[in-house]
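In: One predicted model, sequence on top.
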Amino acid sequence: MGAPRTTPTTIFPWAGLLTLSALIFTSVTSEFLPTGLLPEISEELRVSESQVGLLVTVFAGTVVLSAAPLSVLTRQYSRKFLIIVVLIVFAVANVLAALAPNYEMLIGARVLGGLAHGLFWAVVGAYSAHLVPKHQLGRAIAITGGGGTAAFVLGVPLGTAIGHAVGWRLAFGSIAAIVIILTLVTIKLLPAVSHGVVLSTGEIAIPMRKDRTVPAVIAVGIILILIAFGHNLFYTYIAPYLIGPVGIDPGGVAGVLFLYGVAGALGLVLAGTIGDRFPQLALIGAVALVMAAVLVIGTFTTATGVVLAAIFVWGMAFGALPSLMQARMMHTASVRVRDAAAAYFTTSFNVAIGGGALVGGAVLDGWGIGVLPFVDVAITILGFALILVVAVWLRRRSRAVR
C-alpha cells in the first residue's frame, strides 16, 4: 500500500479525495436505500412498511452504538487498511441483504452494515484532514462530502429505480458490486496516511480524554445534534407536508425533492469555496438561512411559489452545513483526537437522524403536521445560540493560552 505520509502533500490530492467521495456516495446510498423500496420489501417479506422503515433506524442505531468504541479499538491500525476491511464487510452485508430469506435475516444484514458504516465514518471522517494542510480542510471536506449529497440527489433515486424495475434484491446486489469495484480503486488510488502523533523527546503520552481540545469537540457535537435534530424532525415528513398543507400534487413531490437536492449540491460548492476563508461566518450564515427558510415555509404555506423558493434556500443552506460542521470539528480537534472526533461526529449525526424522526412523528401525532417547521426553528435557534457561545469561549481560551 506504500509508505504512509507523515505530512500532507503540497499537491492537492484530487485522486484520494474523489475516491473518498465515491465511497461516501455508495455508503450513504446503501444506508437510505430501503426508504425508496418500502412497498417491494414489505410485500415480499410479508411485513408492514413501518417494519421496513425500521431497517434505516436499526442501521443508524448500530452506527450510534458502535462508531466511537470501534474507533478506539482500531486506533493503532493503518487508516487505509481499515477502509479496505470495512469495504469488504460492507460488500458482504449488502450481499446478505440481497439474499435474505426473511425479515430477521435482513435486520441482521443491516446490523452488520451499520457496524461497517460506523467504523467507515470514524476513519473516512478524518481522512481528508490527514491528506491536506489545515488551510485546505474546508475545500477537501466539501469534495468528500459531495459524495453524500450526490447520494441523495442521484444514488437513492437510482437505487430505487433499479429496485422498482428488477426487484429490491438486485438493488442491494448492485451496491455490493459497486463496493467491490471501489475496494480495488481504493487500493490503487487512495494515499496511505500517518494518523499517529510523534512525541517530542521527553514528552509523555496522555490519555485522549485529557486532551485539552476534547471539551470543544463535545461542544461542536452538541451543536451538530441540535441543528440536525431540528432538520430531521421536519424533513423526515416533508413529503406529507408538501402534499397536505402546501397542496403539492403527490406526483410533484419527487420534483420538489430534486430541487432541494440540487440546491444542496450548490450549497456544498459554496461551502468549499468560502468555508476555508470565512469558516465561522459561513457556518453562522448557513444556520441563519436554514432558520429563515424553514420559518417562511411554515408561515406562507399556501403561497406555493414562496414555499418552493424557500425550499431552494433551505436545501442550499443545509447542504453546506455538514461539510462546514465537519471542517469545524477537524479544526477544533487536535491531531491526537481527530479520529475519535470523526467518530463522535457521525455518532452525533445519527443520533439526530433517528431522534429527529422519532420526535417529529410524536409531534405530528400530537399537534399536527403544520407545527413541525416551527419546532424545527425553535430547536435550531438553540444550536445557533450555542455556536455563538462556543465561538466566544474558544476565543477567550485562545487568548488565555497566549
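Out: Happy to help now that I have it.

In: how about the nearest residue to residue 216, chain neighbours excluded?
Out: Ranked by Cβ to Cβ, 6 or more residues apart in numbering and with sequence neighbours excluded, the top spatial neighbour of residue 216 is residue 332, at 4.7 Å. C-beta: built from backbone N, CA, C; applies to glycine.

In: now residue 162
Out: Closest residue to residue 162 in three dimensions, ignoring its sequence neighbours and counting by Cβ to Cβ, 6+ apart: residue 171, at 4.7 Å.

In: so how far is residue 341 from that neighbour?
Out: The span separating residue 171 from residue 341 equals 33 Å under the rule Cβ to Cβ, to the nearest Å.

In: ditto for residue 218
Out: Note on residue 218: its distance to residue 341, by Cβ to Cβ, is 9 Å.

In: Between these two, which is the more surrounded one?
Out: Between residue 218 and residue 341, counting by other Cβ atoms under 10 Å, residue 341 is the more crowded of the two (29 against 14).

In: Report pLDDT for the closest residue to residue 381 other than its chain neighbours.
Out: The spatially closest residue to residue 381, leaving aside those adjacent along the chain, is residue 291, at 6.6 Å (Cβ to Cβ, 6+ apart). In the predicted model, residue 291 carries a pLDDT score of 97.

In: can you give me the helices for the stretch 151-300 of the chain?
Out: 156-166, 168-189, 214-235, 238-241, 253-274, 279-299 (DSSP state H, counting those that start in this stretch).

In: Just say which of those is most tucked in.
Out: Greatest average neighbour count among the helices of the stretch 151-300 of the chain goes to helix 214-235 (a mean of 22), per mean count of other Cβ atoms under 10 Å.

In: Can I get it in CSV? Just the C-alpha atoms.
Out: Taking C-alpha atoms only, helix 214-235 is exported to CSV below (Å, rounded to 0.1, in the frame of the first residue of the first chain):
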residue,chain,number,x,y,z
VAL,A,214,-12.0,17.4,24.0
PRO,A,215,-14.4,19.8,25.6
ALA,A,216,-14.6,21.9,22.4
VAL,A,217,-15.1,18.7,20.3
ILE,A,218,-18.0,17.7,22.6
ALA,A,219,-19.5,21.2,22.2
VAL,A,220,-19.3,21.0,18.4
GLY,A,221,-21.0,17.6,18.5
ILE,A,222,-23.9,19.0,20.6
ILE,A,223,-24.3,21.9,18.1
LEU,A,224,-24.5,19.3,15.3
ILE,A,225,-27.1,17.3,17.2
LEU,A,226,-29.3,20.3,17.8
ILE,A,227,-29.2,21.6,14.2
ALA,A,228,-29.5,18.1,12.5
PHE,A,229,-32.2,17.1,15.1
GLY,A,230,-34.4,20.0,14.2
HIS,A,231,-33.8,19.4,10.5
ASN,A,232,-34.7,15.7,10.5
LEU,A,233,-37.7,16.4,12.8
PHE,A,234,-39.2,18.3,9.8
TYR,A,235,-37.5,16.9,6.7
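
In: Of the helices of the stretch 151-300 of the chain, give the one that comes closest to residue 26.
Out: Between residue 26 and these, the tightest spacing by Cβ to Cβ is seen for helix 168-189, at 5.4 Å.

In: just how off-centre is that closest one within its chain?
Out: Between the mean C-alpha location of helix 168-189 and the chain-wide mean there is a distance of 20 Å, by Cα atoms, centre = their mean, to the nearest Å.

In: Now do that helix and helix 156-166, the angle between them.
Out: Computed by axes from the mean of the first three to the mean of the last three Cα atoms, to 10 degrees, the angle separating helix 168-189 from helix 156-166 equals 130 degrees.

In: List the contacts of helix 168-189.
Out: For helix 168-189, the external contacting residues (Cβ atoms under 8 Å, 6 or more residues apart in numbering) are 1, 15-16, 19, 22-23, 26, 29-30, 33, 37, 40-41, 44, 80, 83-84, 87-88, 90-92, 94-95, 97-99, 159-160, 162-163.

In: in which helix or strand would I find residue 97?
Out: In this structure, residue 97 is located in helix 79-99 according to DSSP states H and E.

In: do the same with residue 56
Out: Using DSSP H and E, residue 56 sits in helix 49-73.

In: where's that helix relative to the chain centroid, distance-wise?
Out: For helix 49-73, the distance from its own C-alpha centre to the chain's C-alpha centre is 13 Å (Cα atoms, centre = their mean).
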